[in-house]
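> Provide a 3D model corresponding to the input given below.
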Amino acid sequence: MNRAQEPCGPAPDPPDWYRTFETELACHGLPVPEVSRTSTSTRAEAEAAGVPPFEMYGPAVLYAREVASALRDYQGTVAPPAPGSWTGNPTDLSSTDLVDASDHSVPVDSAEQAPTATTIPADAVPSIAPVVLRLTNVSVHRGRRTVLSGISLTVHRGEVVAVVGANGAGKSTLLQLCAGLLRAESGRIERTPRFGYAPQLDSLAPLLTVDEHLRLFGAARGMPRGRSVSTGHRLLTRLGWTARGDQNAGTLSGGTQQKLNVALAQLDAPDLLLLDEPYQGLDALAYEDLWALISSWRASGAGVLLVTHLLRDVDLVDRVIELPAPQEGSGRSARWAPRWTRRKEPA
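Okay, the predicted model is just below:
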């Protein structure tokens, strides 16, 4: 993980830590009442555990970023961001920070072309935002069947991109390639090292408790135990569930397991979220909560690539990538349509 280094000197005093924490929350756009409430609850958790905040949560700046990403609610307090907009520092992550997630590369003449200015307003194109994911002429086969052929796409920070297509078109395969779980036969995959992945089939261990999942995934990402649990509980609360940390994952309903699955993917506020039908098993209210979270992730500068079958999701994203139906043969390349056309292009 490309995380900031912890200070080499003595840990800051608790008052200084909380002061920095509150300042950073405000800088990330949280309203004053939310900053006060979050700081109070964080202080109460640390005092109840008898642990200094730095030891429990880590550096205040990093923890504030994760809390802001999980808690920030722009509805009614901040004007919604323009589609594809990104309000962070453009020097935080540039395309040169991408790592090659493929085991090989092939020469490519050109990547996917951006639409002309007559199709999308120039100020709406997210080309100025850093790239967090780039696929160039990626192909994959399963046996004799071509699953994906010549796929090229790019995801920027502060952008939500939906992947749609018929059953068998390779949508889940595409996300598995992006996550590094599958190898492509050809092409190039470049991806930020800081990413989270929520697969269609949950990644939970039925005998582990909720908090054990949070600590395990947090440890894999270099997070202190207390911070991973508190951040996970905040994310789950945003999804409409007050978690009971000692409950085994196997006893949770399908929708609640999916909420935990999504929270684990976003636990350390990654730069890229890969979500494979994240709404599976969610009721109507939880579905709205999920999109409120996705909107806050976009506003905080994260890129999101999600697979969906729901037409209403198309109006909530910046771009739509449509994968051709599997029976269309070998010449399969991803088509895309901007959000503002309100419909996807036919294959």
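> going forward, measure contacts and count neighbours with C-alpha atoms only.
OK.
> In space, what's closest to residue 20 - neighbours in sequence excluded?
Spatial nearest neighbour of residue 20, chain neighbours left out: residue 60 (6.2 Å); criterion: CA to CA, 6 or more residues apart in numbering.
> per-residue confidence for residue 122?
Residue 122 carries a pLDDT score of 34 in this model.
> picking up where we left off before, the residue nearest to residue 20: neighbouring residues, count only.
21 (other CA atoms under 10 Å).
> Please list all residues in contact with it.
17-18, 20-21, 24, 54 (CA atoms under 8 Å, 6 or more residues apart in numbering).
> how about 10 Å then?
Shown in contact with residue 60 (CA atoms under 10 Å, 6 or more residues apart in numbering): 12, 16-25, 53-54.
> And residue 289, how close does it get to residue 259?
Per CA to CA, to the nearest Å, residue 289 is found 10 Å from residue 259.
> just the helices in the stretch 201-347 of the chain please.
210-220, 225-238, 254-265, 284-299 (DSSP state H, counting those that start in this stretch).
> ok so, going back, between residue 289 and residue 259, point out the one with more neighbours.
Neighbours per residue, other CA under 10 Å: of residue 289 and residue 259, the larger number sits with residue 259, 27 against 17.
> Okay, the more buried one and residue 270: tell me how far apart.
In terms of CA to CA, residue 259 sits 17 Å off from residue 270.
> What of residue 178?
Residue 178 is 14 Å from residue 270, by CA to CA.
> More neighbours: which of those two?
Ranked by neighbour count (other CA under 10 Å), residue 178 and residue 270 place residue 178 first, with 24 against 21.
> State the helix or strand in which the more buried one lies.
Using DSSP states H and E, residue 178 falls within helix 171-179.
> then whichever helix or strand comes after that helix to PDB, C-alphas only?
Once helix 171-179 ends, the next helix or strand along the chain (criterion: DSSP H and E) is strand 186-191. C-alpha atoms of strand 186-191 as PDB (Å, rounded to 0.1, in the frame of the first residue of the first chain):
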ATOM      1  CA  SER A 186      -3.000 -10.400 -24.400                       C
ATOM      2  CA  GLY A 187      -3.200  -6.700 -23.700                       C
ATOM      3  CA  ARG A 188      -2.100  -4.500 -20.900                       C
ATOM      4  CA  ILE A 189      -3.800  -3.800 -17.500                       C
ATOM      5  CA  GLU A 190      -2.500  -0.800 -15.400                       C
ATOM      6  CA  ARG A 191      -4.100  -0.100 -12.000                       C
END
